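A.B. asks: Take this sequence and fold it.
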Amino acid sequence: MTLLGYVSDERYLALPDVAVEINAGDAHWTARSTATGAIHADVPPGNYRVTLAKDGYGAKHVDLALGAEPHQFRLLSDQIFGYLWPKWARSGDEGEFRIHSPEPYRLSLWRYGAVAEETALIGWFDEHAPRATVQVTPDGDYTQTGVRFNEKGYVDPSHRQYVTAPDRSGLYYFHVEGESGARFSFPWVVAPRQPTAPIAVVASTNTWNAYNNFGGRSNYINASALPSAPVLVPRLEMPRYLASSFSEHALPDDAYPPLSFERPEPLNQLSAEAQPEDPIRGRQPCHLAAAEWRLLSWLERNGYEYDLYSDAHLHDGTLPLDSYRTLVLSTHPEYWSREMYSAVYSWVHDRGGKLANFGGNVADCEVVFSSDALRFRTQAVESSAYESRMHRTFRPTSELFGVVFTSAGAMTGAPYEVVDPSHWAFRGTGLDKGDLFGVRSLHERCPGGASGHETDKTGPHSPQGTHVLARGLNPGDGGGEIACYTTASGGEVFSVGSIAWTSAVLVDDGVSAITANVLDRFTGRS
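C.D. replies: This is a model prediction of the structure:
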């Protein structure tokens, strides 16, 4: 029996007992996949139509030549998945919603600001024929190329599904609800057509993509390639669990294929029932869009007007830095292109820009935009000559932000302790030296306080005059450092050194007051 290929799902998990038909003219063969997803049959080399079907998954036809390397067949499970393409836009631009659903579904658009609120009912969709809203993914490693929803079977223009970006900038989510009650949600970053506010906030869409494992790869699992056969027992077969999580980043940068933005993001969902004050549940939401929303909610509740942009907007110049008084980063801005770094560095150091970094593990790794994907220069730093991967490939992280990530304190949470209560950031807080703040947090993955999850500290490349105002009490001297400095041009940088800061801003008075003091100073509001 010849091994023709393997069949797996959207997570690259092996699918057993898939019914397989192989046809070439009048010749016909049948087979079933084994426990490992393997398909064996006595089929001579040649061109065939292969049909695959399994309960709970979308069926598909594949026309291909069999007889060389085993083919990687991919099926899509009967869950609801979707994304908006492109995932970021300016007000008035069109986007196409691309949704996979085994049942009719209701689609609505919500804005996540001070609260979550429905802004538009898009409608109900079923396309008349049974299962016509079921999508077909490419075979092989589509994490590199995208899932290409709506590419097949939607020839008639009336089947294309477009929406216009709202006038108001912000973080939007599409909510998909099937007749059965099954749900899925996906984000859309809407930037203004022209600047409307004194503050520009950047959503960390590069980080969202780095963690997105739809298709079986992210920058953290199977980062360099999908295995030659689908995974059956992950903790016994995957490098991340057999060696260490850092083993994924042990190879040279050019060993890592791109990761496409054009994929659903199951790890980045928000429910329609979510409230900003709710604890952030789950392993991933606490450092992705759910945590970023908490800062956006705080801004709106406290009267700070802002425009929201994606990382890509900062990269390509759609975000006009000189039109804003303050640039705000949030939660986990880990992956930056050198174009992003250079633009912000010049703005701060040469033109007096004000940078408020309310995140942690900032600009630790350089990325390269490649078509609709990112390439990650992700090889781990082993030499003490470099403080970060960004430093290894471009420039020191702390040269711009004043702080840089270190592994000390990772995956812990703790309050901050005041170091210099005389600093303007503590004005009106009532905090004195040695006092604690950032005690309360909505961060459930690493509970314990506003200094946490991953933390940044000052280093040898921090600009001269960088001043440490407070330090987290995380174990192993791993506390995030709140640091700031000014530039000769009048620019200022304020960094909190923690992913968990935004998870505390709505519920901790100290974190809220310091955030307000920074923005009031940087925008001229005070």
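
A.B. asks: Between the two ends of stretch 222-236, how far is it?
C.D. replies: End-to-end distance of stretch 222-236 (CA to CA, to the nearest Å): 14 Å.

A.B. asks: Renumber starting at 53 from here on
C.D. replies: Yep, numbering from 53; the last one is stretch 274-288 now.

A.B. asks: Pull out the buried positions in that stretch.
C.D. replies: 274, 275, 278, 281, 282, 283 (16 or more other CB atoms under 10 Å). Quick note: C-beta positions are derived from backbone N, CA and C, even for glycine.

A.B. asks: got TSV for these, with secondary structure and distance to residue 560 too?
C.D. replies: Converted to TSV, these look like this (DSSP: H, G, I helix; E, B strand; the rest coil; distance: CB to CB, whole Å):
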residue	secondary structure	distance to residue 560
274	coil	38
275	coil	35
278	coil	42
281	coil	48
282	coil	45
283	strand	41
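
A.B. asks: any idea which of those residues is closest to residue 53?
C.D. replies: residue 281 (16.1 Å; CB to CB).

A.B. asks: show me what contacts that closest one?
C.D. replies: Neighbouring residues of residue 281 by CB atoms under 8 Å, 6 or more residues apart in numbering: 58, 66, 88, 89, 90.

A.B. asks: now residue 487
C.D. replies: 469, 470, 473.

A.B. asks: Who wins on neighbours among those residues?
C.D. replies: residue 470 (22 neighbours; other CB atoms under 10 Å).

A.B. asks: State the pLDDT value of that residue.
C.D. replies: Residue 470 carries a pLDDT value of 98.

A.B. asks: is it true that it touches residue 482?
C.D. replies: No - between residue 470 and residue 482 there is no contact under CB atoms under 8 Å: 10.6 Å.

A.B. asks: sorry, back to before: let's have the contacts of residue 487 in JSON lines, adding secondary structure and distance to residue 105.
C.D. replies: JSON lines is the format used below for those (three-state DSSP; distance: CB to CB, whole Å):
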{"residue": "469", "secondary structure": "strand", "distance to residue 105": "61"}
{"residue": "470", "secondary structure": "strand", "distance to residue 105": "64"}
{"residue": "473", "secondary structure": "coil", "distance to residue 105": "68"}
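
A.B. asks: Run a quick neighbour tally on residue 234.
C.D. replies: Neighbours around residue 234, by other CB under 10 Å: 15.

A.B. asks: Phi first, then psi, for it.
C.D. replies: Phi and psi for residue 234, reported as degrees, to the nearest 10, are phi -60, psi 140.

A.B. asks: Contact partners for it?
C.D. replies: 131, 132, 155.

A.B. asks: and residue 260, that one's in a helix?
C.D. replies: Yes - judged by DSSP: H, G, I helix; E, B strand; the rest coil, residue 260 forms part of a helix.

A.B. asks: Low-confidence bits of the chain, can you list those?
C.D. replies: 297 (pLDDT under 70).

A.B. asks: mind redoing it with 90?
C.D. replies: Residue ranges of the chain with pLDDT under 90: 53-54, 78, 118-121, 179-182, 203-212, 287, 289-299, 434-436, 577-578.

A.B. asks: quick one: the helices in it?
C.D. replies: 257-263, 286-289, 291-294, 341-353, 363-368, 390-403, 441-445, 449-453, 561-575 (DSSP state H).

A.B. asks: Can you spell out which helices and strands pack onto the last one?
C.D. replies: Counting contacts by 3 or more CB pairs under 8 Å, 6 or more residues apart in numbering; DSSP states H and E, the secondary-structure elements packed against helix 561-575 are strand 378-383, strand 406-411, strand 488-489, strand 544-547.

A.B. asks: redo that, cut-off 7 Å
C.D. replies: strand 378-383, strand 406-411 (3 or more CB pairs under 7 Å, 6 or more residues apart in numbering; DSSP states H and E).

A.B. asks: Now do the end-to-end distance for stretch 370-382.
C.D. replies: 19 Å.

A.B. asks: for stretch 167-182, the distance to its chain's centre please.
C.D. replies: 24 Å (CA atoms, centre = their mean, to the nearest Å).

A.B. asks: Is it possible to get CSV of the contacts of residue 234 that adds neighbour count and distance to residue 116?
C.D. replies: Formatted as CSV, the contacts of residue 234 follow (neighbours: other CB atoms under 10 Å; distance: CB to CB, whole Å):
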residue, neighbour count, distance to residue 116
131, 17, 26
132, 20, 29
155, 16, 30
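
A.B. asks: ok so, going back, just the contacts of residue 487 now: which is nearest residue 203?
C.D. replies: Distances from residue 203 to the contacts of residue 487, taken by CB to CB, are shortest for residue 469, at 54.5 Å.

A.B. asks: Beta-bridge partners for the closest one, please?
C.D. replies: As for beta bridges, residue 469 partners with residue 488, residue 523 under DSSP bridges.
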